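> Quick check, what structure comes out for this input:
(one chain, ligands or ions: 1)
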Amino acid sequence: MKSYEIAVIKGDGIGPEIVDEAVKVLDAVSEKEGFRLNYKEYLMGGCAYEAVGTPIPDITIEGCRVSDAVLFGSIGGYKWDNLPREMKPESGLLKLRKELGLFANLRPVSVFDELVEASSMKPEVVKGVDLLVVRELTGGIYFGEPRVNDGQKAYNTMFYTKDEITRIAKIAFDSAMKRRKKLCSVDKANVLEVSRLWRATVDEMAVHYPEVEVSHMFVDNAAMQLVRDPKQFDVILTGNIFGDILSDEASMMTGSIGLLPSSSIGGIVGLYEPIHGSAPDIAGQGVANPLATILSASMMLRYSLGQERAADIIDGAIKSVLKDGYRTPDLANYHAKEVCSTKQIGLVIVDRIKRV
Ligand code: NAD
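Numbering: from 1, shown residues only. Modelled structure (predicted):
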């Protein structure tokens with residue numbers, strides 16, 4: 001029987017609650033499809049700081065490195081807000097991404113038909129939205145040197161090499177080939193040199209993907225177009241800072257932050273996590289929505305383990321459960337027939353998978 005090693009990082013706040021449900025769902029689907037997942041748990045975040053005095057122990061990085069994929073919940077909490085920067089839970093995650101070479105962040109945004117009214121945007125604008133933001137994750141202005149703040153002046157450096165642009169563009173083009181074959185590259189080429197290199201490199205790459213329809217958009221226009229007519233987009237390719245902002249904007253179309261998965265890929269091993277944080281305000285109450293984490297587990301099966309059919313089964317089970325009106329409290333106002341706890345909705349999904 002084919003088996004895979006999965007590094008599991010539950011993290012802080014609601015992390016353990018939502019990851020537990022994703023693992024149950026993974027167990028159900030792997031049993032059905034005839035493969036085995038061997039899990040090893042590692043510490044990261046505030047819980048790691050409490051246990052061993054650092055937000056990311058070396059054993060966590062090593063364990064992830066030798067695994068087939070990493071499933072991650074969330075980190076952070078008020079308790080650790082005033083620690084020095086390198087001891088904060090978030091530093092653990094940044095270090096892990098860097099150590100694993102995860103330069104590409106993929107955030108799919110699909111609006112479930114049953115939840116169009118949960119969006120803060122008009123139902124007719126968001127119904128049918130299905131887009132993917134491909135964001136460069138380890139370069140750009142967040143990492144560029146020099147960076148200075150001497151109290152009188154401050155600056156950061158937006159920096160990309162052609163190689164960095166080429167490798168993220170390749171991931172976006174390959175993703176577009178598996179989707180509707182449309183790619184919109186977002187930059188600020190009317191002002192920034194780095195964006196002009198970005199645009200020229202994407203155009204060079206386009207020659208190798210004649211089936212993909214390529215367009216370029218300035219980031220300010222893209223921010224506006226995402227709200228005006230999001231259905232025009234299939235794959236959005238962009239750099240670190242623009243992707244950070246646009247993917248959060250796009251995420252709100254779905255109605256709850258608890259519905260959005262993500263994957264970080266391109267390095268030694270892929271890391272899969274919901275886009276939300278550790279939600280300390282609801283931690284331990286059994287009300288967190290685990291769907292973003294379960295959808296992240298589905299992405300893990302699809303992108304890192306090549307178990308496409310198992311991923312389709314999970315995605316289908318989630319759709320059918322939402323269609324039948326099962327909702328966690330964050331979505332209770334939208335056609336709920338039954339409001340469920342975190343564990344209950346996990347069980348309903350497992351049950352659907354067993355019955356497929
Ligand atoms: P958050 O995403 O944790 O929470 C924002 C709001 O959304 C809260 O009201 C929360 O209850 C709600 N929410 C989030 N996930 C939910 C879910 N699955 N189901 C139902 N409701 C959900 O953002 P925040 O409050 O700004 O940050 C809390 C902590 O999380 C901070 O320490 C922050 O640094 C950290 N954080 C971690 C990550 C990560 O682990 N990747 C990402 C973002 C923030």
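> can you give me the helices in the protein?
Per DSSP state H, the chain carries helices over the ranges 15-33, 46-52, 58-65, 89-100, 123-126, 162-177, 193-206, 219-228, 240-251, 291-299, 308-323, 342-355.
> do you know which of these lies nearest residue 186?
helix 219-228 (4.5 Å; CB to CB). Just so you know, the C-beta spots here come from the backbone N, C-alpha and C atoms, and that holds for glycine as well.
> Around the ligand, which positions in the chain sit nearby?
Residues of the chain lying near the ligand by CB under 6 Å from any ligand atom: 14, 74-77, 90, 93, 257-258, 273, 276-282, 288-289, 292, 330.
> Would you show me how to pick out the buried ones of these in PyMOL?
Listed next is the PyMOL selection for buried residues among the residues of the chain next to the ligand, using 16 or more other CB atoms under 10 Å:
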select buried, resi 14+74+75+76+77+93+257+258+273+276+277+278+279+280+282+288+289+292+330
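> Could you list which of the residues of the chain next to the ligand belong to strands?
Within the residues of the chain next to the ligand, membership in strands is found for 74, 273, as judged by DSSP state E.
> who's in contact with the residue in the stretch 101-250 of the chain positioned nearest to the ligand?
For the stretch 101-250 of the chain and the ligand, the shortest gap (CB to the nearest ligand atom) falls at residue 248, measuring 9.9 Å. Residue 248 makes contacts with residue 275, as judged by CB atoms under 8 Å, 6 or more residues apart in numbering.
> how far is the top strand by length along the chain from where the chain is centred?
For the chain, the longest strand by residue count, based on DSSP E, is strand 2-11. Computed by CA atoms, centre = their mean, to the nearest Å, the chain-centroid distance of strand 2-11 equals 17 Å.
> In the stretch 151-300 of the chain, what residue comes closest to the ligand?
residue 277 (2.4 Å).
> Need the pLDDT of that residue.
Turning to residue 277, the model gives it a pLDDT of 93.
> next one: the one 10 residues further on
Model confidence at residue 287, given as pLDDT, is 98.
> and the helices of the chain, which is most packed in?
Greatest average neighbour count among the helices of the chain goes to helix 291-299 (a mean of 27), per mean count of other CB atoms under 10 Å.
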